[in-house]
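> Please work out how this folds:
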Amino acid sequence: MRIEKRDKQGVTVVISGSKASDLLDGLLAHPELGDIAGELAEKLQAAGVQTPPASDHVRHEYAPPLTH
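Numbering: from 1, shown residues only. Below you'll find the predicted structure:
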C-alpha cells in the first residue's frame, strides 16, 4: 500500500487487488471495528473489490507431540 494523494479532505491510497480483497474480508468479519471501518468496507465494495472466494475444503490433521 502506498499513499498517492493526501490533503485536508482525505487520503488516497493504492493497494493491490488481493490485499484489498483480504482487507475487505477482515473488515466485514469484524463489525465491532466501528463506523470508519464500515465506511471503508462500503467504499471498497463500491470500487468493485470482492471478498476472496471461500476455500472448498480445509483439511485439518492431528500430529501428536514428538517424544524424545
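> which residues touch the residue most central in space within the chain?
Central residue of the chain (Cα atoms, centre = their mean): Leu23, 1.4 Å from the mean position. Residues near Leu23 by Cβ atoms under 8 Å, 6 or more residues apart in numbering: Ile15, Leu40, Leu44. Just so you know, the C-beta spots here come from the backbone N, C-alpha and C atoms, and that holds for glycine as well.
> wait, is it part of a helix?
Yes - assigned with DSSP: H, G, I helix; E, B strand; the rest coil, Leu23 falls within a helix.
> ok, it to Leu40 distance?
8 Å (Cβ to Cβ, to the nearest Å).
> Same check on Asp7?
Asp7 sits 18 Å away from Leu40, going by Cβ to Cβ.
> These two: which has the busier surroundings?
Leu40 (14 against 7; other Cβ atoms under 10 Å).
> Quick check: the more buried one touching Leu28?
No - Leu40 is beyond contact range of Leu28, at 10.5 Å (criterion: Cβ atoms under 8 Å).
> and Ala20, how many neighbours?
18.
> That one: what secondary structure?
Ala20 is classified as helix under three-state DSSP.
> wait, what's in contact with it?
Leu44, Ala47, Val49.
> List the buried residues of whatever helix or strand Gly26 lives in.
According to DSSP states H and E, Gly26 maps onto helix 17-29. Within helix 17-29, the residues scored as buried using 16 or more other Cβ atoms under 10 Å are Ala20, Ser21, Leu23, Leu24, Asp25, Leu27.
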